[in-house]
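Undergrad: Next one to model:
(2 chains)
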Amino acid sequence: EPLLRGVDPSLAAAYVPREGKFSCFDKSQVISSDRLNDDYCDCVDGSDEPGSSACTLGKFYCRNRGHASRRLNSSMVDDGFCDCCDGSDEQPGKCPNTCKEEGAARRAELKAQAKAFAQGYSKREAYVREAAQKKAAWQSELKGLEGQIRLQDADVKTLQGRKDTAEAAEKAERDREDAHKAASGSTPQEPITEAAADVQGDDGSSGTGMAADSEEAMGDDDGEYEAMGETSTEEEQPAADAAEAPASGKTEEEMAQERMAQWIKSDTPTPPPPEAAAPAPPTPELQQLLEEARAATRKLPTAQQLVSVSFQQDESRPDAQEQTSTEARPEQPQASAQQAEAEAAETAAEASAGAPGWFTSTLDTLRGYVGLAPLAASEPGRLAALSAAARMPGTKLQGFLGLDFGPDDAWLPLHNKCFDTRADKYTYEMCIFGSAAQKDAHLHTSLGSWEGFKNGYALASFTNGQHCWQGPPRSLQVSVGCGSSEQVSKVDEPNRCEYTASFVTPAACSPALVERAQKDSAAAEQDLLGHDEL
Amino acid sequence: FKEQEFKKCADSGFCERLRGKQGDSYSADPKSIQLNGAVVTAKVQHDASGAAYDLQLTNYNGILRMHIDEAASKHRFQVPWVLQSELPDSSQAWTKTRQSSSLLQLQSGSAQLTLTFKPLRVDLSIAGTPAASFNARQMFQYEYLREKQEGDPAGWWEETFKGHTDSKPKGPQAISLDLSFPGFQHVYGIPEHAASFALKPTTGEGIESEPYRLYNLDVFEYNLDSTFGLYGSIPLMLAHKAGLTTAAFWLNAAEMLVDVASDNSGTQTQWVAEAGVLDLFFLLGPDPATVLQQYGRISGTTAMPQMFSLGYHQCRWNYKDETDVLGVNAGFDQHDIPYDVIWLDIEYLDDKKYFTWDKNYFPTPIDMQDKLAVTGRKLVVIIDPHIKRKSDYYVFSEGESGSYFTKNKDGKDYEGWCWPGSSSWVDCLNPASRDWWAGLFSLSRFQGSTKNLYIWNDMNEPSVFNGPEVTMPKDNIHHGGVEHREMHNINGALFHAATWQGLEERGRDSYGSDGDRPFILTRSAFAGTQRLGALWTGDNKAEWPALKFSVPMCLSLSIAGLPFVGADIAGFFGNPDAELFTRWYQLGAFYPFFRGHAHLEAKRREPWLYDGTTTDRVREAIRMRYALLPYVYTLFRLAHTHNQPLMRPLWYEFPDEAETFSMDDQFLLGPSILVAPVTEAGASSREVYLPTSTRWYNFHSGTAMKPASTGGLLRSQESPKNSIKVDMDSIPIFLRGGSIVPRQERARRSSLQMQGDPFTLIVALNDSAAASGALYLDDGHSFAYKRGVYTERALTYADTEWSIRLSKSS
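TA: Numbers count the residues shown, from 1 in each chain, chains lettered A, B, ... in the order given. Predicted structure coming up:
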């Protein structure tokens, strides 16, 4: 006997009439069997109408021979729209049967997935081996560095002694000069050292560059608010408007922008200072300044530069220089310029991986530098920084070793590796354990730095990226899955400044996933054979 | 809200000159009085200056029109478009009952009018009860147009606010009048304000308040409980007391300020408009339904909406691309939540140029609309009146070359700033502009549009980011030399009307002569907007007080003849928690216009993005709305034919229960369903007033409630505190005894799929075990009903027959 329309075969027995009656599954009623599927809802749970849309809570089963069976909400039955690939949810003749093609496609997909998962898992085993080797190498390197640090500390001590001597000498000289000036009655003047002037000039000009840049940045939020962008770029204000400018001194456009900005302000409690909030392409002037700063730094790193290097933050940036040049930062312009230099210094450090050579030369430079007593005296923190600099490679390695590389350290081989994908007009780049960014030809917008795994390694989180215009810092949450090779996809921004993406990697594969994928694939094949007829 | 950006009375010359001022004497010349059938004419003069005016009093059978103007040669602006052409057909001859040297008394039906000549005064009474008086307090002033002279007071010919100078070439031209409603303690209407429904006094002993302002403005984060003018203005005020409802409507589109004062003798009001003429309509009632019908005869009734537009609308600023739109669309199916319309805010556009698409995000808009259409869903996109000034943009170049834009005071196209940057504004006072604008909506001209695309008109106050008070300068010039000052409040409605014309023409092109009813949401409104469609209450906040104030705001609009209204669910700005979100949907399902909307920076909040229980509750609320669509649609039919509102204050149905007169925390949807929203966080109960003259049933359970014999407050056994317990699953809703409510209970994807579904009649018996209701059906989308293609049935139940009678309505 054919089943009633919409009945799940596993529930078929319940629909066999007993003395011409049907009992609602929730026992609320016993009704005459001829009221089954009569397009009138008798049972609250919908069990008397498996094949119509009469009951709100009803479920409709479609067999979908050739594909997977499916349970629909009764709202979708006989509503003129084909939901089941076998068309059984609509009246006969309304819908084509597409199960064969869809089923074949689905089976192929599941098969491919099972294969990819298996490949991924076997690749993961290689990752785990690689991870163990690399970790061991880091540890031994760290040990070696510790010896070196002791030597360098001794150097620092020597230098400190020389500095003290130089300072004492300089003080004596200054006292002598003061006494002389007091005697001659001239106005006392601060001695201006060559280095101080140098530093000031450098910072001062960098600061100006940043400020100019930020002004432009105000108007441009990576194209999201184009009207705002034009505000700064078009500058087509007619003279008449300027004449009518309100008493407050604001131009009409400025007022318009302010009003418009009301509608798109953020409610974040502590917005960053406006001059740092907006992203911007660097002006040619700024480019130039940064180039100069970098060049100077390569020649002569200052202690402050070394102090301000933060390994955690900057370690894994593959292109620290470029980022520095294009990214507006929340720090003061001056600090940004310094950081630019610092990063340049670090780039140099990385270039000589492990870097005893670099350190030697740095120390040599500084030794010579400290020999210029007045300069040393003007930079009291420099020696402490030197000491910290000596510890740099070690600190860096300790940072690496402190990271969570997932079960079996399987993610370690992805350390410092970057993957990208295109979506809309942007390229999205994600560097594992590093940072993530949205890029186009002109802009490099940070979507955040590595925060860690979440939800038991199901999510990789990047946070504290560049602030949106008057908005919160950007972030990226990446859902992680198993795959035969690394791939980023499905970048989206479901909430403003909150990005999401998918990432598959062999590192995320597991025997359980492989097994499930194989089962799913086998079940789909099995389904095709139609074993479910009871 | 930046209060200092907006004018107070003291910042406007005309308000400063006229508010609260009285004593100038105006008189009608007894010799000039002429009675000619329905029309009385007289010459009126300002006694001090001798300035002359023409007075005309016309009887339109239940409506008295009082028109005072200077000589026609002065060309004061008369508001076009609002008045219905059928109105003169209802004119009815007066019966003169008395005339002396000091007064003229006229009778028409139960209404009696007394015109006193000096000082000029009009008193109205209905069946012997005083209803309204004009100029009882001698606040009437009519600033006549004059030549500029040496020594004119400062502010007559120019005034400046916040750096914006208004050149005022016509000088002072304001009009003030006072209206008294003797014996009435409650007045309502004159939307749009975020204020209580019963209008609080603005003057009188110990009261210091700005007057109610009627000046259409785009107000960022508007304040609640305020007389501040918002996006729309309808100068209609109702006065109600037990036994009599009456109303006054001043057809004037200039900035208007209204003061309300109240004492034991009744309510006194003063109205001041900056320009225009005095064109005042008294609606004689005598009951709320009749007043609304009278107003419908003046300004028209609500358009019959398409069925889909009564379903649920899903909007946010912004669904960013086609994938996003189709993903949200699929989400509704996946979560088994019905919805009919998905919306696109300003980000879909290429460079904020209307009638374009950002091809990066919407490369195939027609495919997208077609995919939505297979399950009956529609797309609404925003189209605003500011046109980006860019020579290679066809809408701009056509507007410029056709001279379709509003002009500045020097006669050049006005330029201001809005979303696209430098923009010009379509001048919809110009019929040629309206025709041109309408043509832009044809499928052949609007690339990427399909007949499943409908429109949202925003920023039509108009909003001008760098203009005075975020709008256009008052000395801008419209078609025919009309100053913006004279027509400001109707600007948005005329733009809305032009868009309506466009969709109406498109409908005929697409569907033939029966066409397709336009759906256009507007933010700005004036009297007559009801003929065009829906309005929402603008940019509200996702906060509990905004939820609460949405009810009086919608009631005020409803009672002012604009019934297709709703507030953004669950608040435009900010992020509602699950509780507020749930409560807002539970109320919103009873707004005539039911739309979820959120700001660009608000978190995503499609109904399934909260916890599962919240999704279940919101699904339940939306499904309840869909189940009630036959009832709601039938109510719209009543709104269309008889101008009856959907959202009704309790006194509308129970006009003698004085306790309800100032009530605005509960309302009726149509005659039969009482809704008591929960507008406070953590509520475990709320007080519900159930009118005593009938019995009530719990809408959710069907349980009969027993009102106490001593009063309307429910004293049920459920709770000793005269209150109804509430949980998060629903809000208190009651069904009125004696009503039959038609429902379609099958859950569906959208209203389209419900077309063939069966009806369920909910019969709620009254004390005599009888009930009645109505059901109206048509094709749900075209104008075929105009040629009689519809079904309308009166449903009656009487216990003697134990059957339901479906009779064809008369």
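
Undergrad: Identify the residue spatially nearest to residue B:57, adjacent ones excluded.
TA: Nearest residue to residue B:57, sequence neighbours excluded (Cβ to Cβ, 6 or more residues apart in numbering or on different chains): residue B:40, at 4.2 Å. Backbone N, C-alpha and C define where each C-beta goes, glycine included.

Undergrad: Could you pick out the longest helix of the chain?
TA: Using chain A here. In chain A, with assignment by DSSP state H, the single longest helix is helix A:99-184.

Undergrad: let's do chain B instead
TA: Ranked by number of residues, the top helix in chain B under DSSP H is helix B:484-511.

Undergrad: same for the helix or strand just after it, what does it pack against?
TA: Per DSSP states H and E, helix B:484-511 leads on to strand B:520-522 as the next helix or strand towards the C-terminus. If you count contacts as 3 or more Cβ pairs under 8 Å, 6 or more residues apart in numbering or on different chains; DSSP states H and E, strand B:520-522 packs onto strand B:453-457, helix B:484-511, strand B:534-536.

Undergrad: go with 6 Å
TA: strand B:453-457, helix B:484-511 (3 or more Cβ pairs under 6 Å, 6 or more residues apart in numbering or on different chains; DSSP states H and E).

Undergrad: Spit out the contact partners of the nearest residue to residue B:409 once chain neighbours are set aside.
TA: Nearest in space to residue B:409, with sequence neighbours left out and distances taken as Cβ to Cβ, 6+ apart, is residue B:475 at 4.3 Å. For residue B:475, the contacting residues are B:166, B:167, B:409, by Cβ atoms under 6 Å, 6 or more residues apart in numbering or on different chains.

Undergrad: Which positions in the stretch 201-350 of chain B make contact with chain A?
TA: Listed as neighbours of chain A in the stretch 201-350 of chain B under the rule Cβ under 6 Å from any Cβ of the partner chain: B:220, B:336.

Undergrad: mind showing which ranges of the stretch 201-350 of chain B have poor pLDDT?
TA: Residue ranges of the stretch 201-350 of chain B with pLDDT under 70: none are present.

Undergrad: in it, which spans are strands?
TA: Ranges of strands in the stretch 201-350 of chain B, per DSSP state E, counting those that start in this stretch, are B:212-214, B:236-241, B:244-250, B:256-263, B:266-273, B:278-283, B:312-314, B:341-344.

Undergrad: Same question for the stretch 351-500 of chain A.
TA: A:418-423, A:426-431, A:435-439, A:444-454, A:459-463, A:475-482, A:487-495, A:498-505.

Undergrad: Return the set of buried residues in stretch B:440-448.
TA: B:440, B:441, B:446, B:448 (16 or more other Cβ atoms under 10 Å in any protein chain shown).

Undergrad: Dump the C-alpha coordinates for that stretch into PDB.
TA: Extracted in PDB, the C-alpha atoms of stretch B:440-448 (Å, rounded to 0.1, in the frame of the first residue of the first chain):
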ATOM      1  CA  LEU B 440      12.000  58.200 -14.400                       C
ATOM      2  CA  PHE B 441      10.400  55.200 -12.800                       C
ATOM      3  CA  SER B 442       9.300  53.500 -16.000                       C
ATOM      4  CA  LEU B 443      11.000  50.100 -16.400                       C
ATOM      5  CA  SER B 444      12.700  51.300 -19.500                       C
ATOM      6  CA  ARG B 445      14.200  54.400 -17.900                       C
ATOM      7  CA  PHE B 446      15.000  53.000 -14.400                       C
ATOM      8  CA  GLN B 447      17.700  50.500 -15.400                       C
ATOM      9  CA  GLY B 448      17.800  47.500 -13.100                       C
END
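
Undergrad: can you list contacts of it?
TA: With Cβ under 6 Å, 6+ apart as the test, stretch B:440-448 has contacts from B:355, B:357, B:365, B:449, B:502, B:503, B:506.

Undergrad: helix/strand/coil for the first one?
TA: The three-state label given to residue B:355 by DSSP: H, G, I helix; E, B strand; the rest coil is coil.

Undergrad: show me what contacts it?
TA: Contacts for residue B:355 (Cβ under 6 Å, 6+ apart) come out as B:395, B:440, B:446.

Undergrad: Kindly report the same for the fourth one.
TA: If a contact means Cβ under 6 Å, 6+ apart, then residue B:449 has residue B:443 as its contacts.

Undergrad: cool, and the second one?
TA: With contact taken as Cβ under 6 Å, 6+ apart, residue B:357 is in contact with B:365, B:448.

Undergrad: gap between it and residue B:349?
TA: 7 Å (Cβ to Cβ, to the nearest Å).

Undergrad: same thing with the fifth one?
TA: From residue B:502 over to residue B:349 the distance is 17 Å, taken as Cβ to Cβ.

Undergrad: got it, and the first one?
TA: Separation of residue B:355 from residue B:349 (Cβ to Cβ): 9 Å.

Undergrad: can you tell me the residue of chain B closest to chain A?
TA: Proximity of chain B to chain A (Cβ to the nearest Cβ) peaks at residue B:163, 2.1 Å away.

Undergrad: what pLDDT does that residue get?
TA: pLDDT, the model's per-residue confidence, is 92 for residue B:163.

Undergrad: likewise residue B:72?
TA: pLDDT at residue B:72 comes out at 87.

Undergrad: Let me know the distance separating it from residue B:262.
TA: In terms of Cβ to Cβ, residue B:72 sits 39 Å off from residue B:262.

Undergrad: swap in residue A:253?
TA: Relative to residue B:262, and taking Cβ to Cβ, residue A:253 is found at 47 Å.

Undergrad: likewise residue A:32?
TA: 67 Å.

Undergrad: Identify the residue nearest residue A:45 in space, chain neighbours excluded?
TA: Closest residue to residue A:45 apart from its sequence neighbours, by Cβ to Cβ, 6+ apart: residue A:26 at 4.2 Å.

Undergrad: The one you found contacts residue A:48, correct?
TA: No: if you go by Cβ atoms under 6 Å, residue A:26 and residue A:48 don't touch, sitting 10.6 Å apart.

Undergrad: more neighbours, those two?
TA: residue A:48 (26 against 12; other Cβ atoms under 10 Å in any protein chain shown).

Undergrad: quick one: the more buried one from chain B, how far?
TA: Distance of residue A:48 to chain B, given as Cβ to the nearest Cβ, to the nearest Å: 15 Å.

Undergrad: Who are the contact partners of that residue?
TA: Shown in contact with residue A:48 (Cβ under 6 Å, 6+ apart): A:36, A:42.

Undergrad: Residue A:413 contacts residue A:128, doesn't it?
TA: No: with contact defined as Cβ under 6 Å, residue A:413 does not reach residue A:128; the gap is 8.9 Å.

Undergrad: between the two, who's got more neighbours?
TA: More crowded of residue A:413 and residue A:128, by other Cβ under 10 Å: residue A:413, with 23 against 19.

Undergrad: Please name the residues that touch that one.
TA: By Cβ under 6 Å, 6+ apart, residue A:413 lies in contact with A:127, A:130, A:131.

Undergrad: which of these are buried?
TA: Listed as buried from those are A:127, A:131; burial here means 16+ other Cβ under 10 Å.

Undergrad: Could you dump the contacts of residue A:413 into JSON lines and include pLDDT and distance to chain B?
TA: What follows is those, written out as JSON lines (pLDDT from 0 to 100; distance: Cβ to the nearest Cβ, whole Å):
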{"residue": "A:127", "pLDDT": "96", "distance to chain B": "33"}
{"residue": "A:130", "pLDDT": "95", "distance to chain B": "37"}
{"residue": "A:131", "pLDDT": "95", "distance to chain B": "37"}
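
Undergrad: Among the contacts of residue A:413, which one sits closest to residue B:643?
TA: Residue B:643 lies nearest to residue A:127 out of the contacts of residue A:413, by Cβ to Cβ, at 74.1 Å.

Undergrad: residue contacts, residue B:56?
TA: Here residue B:56 is in contact with B:41, B:67 (Cβ under 6 Å, 6+ apart).
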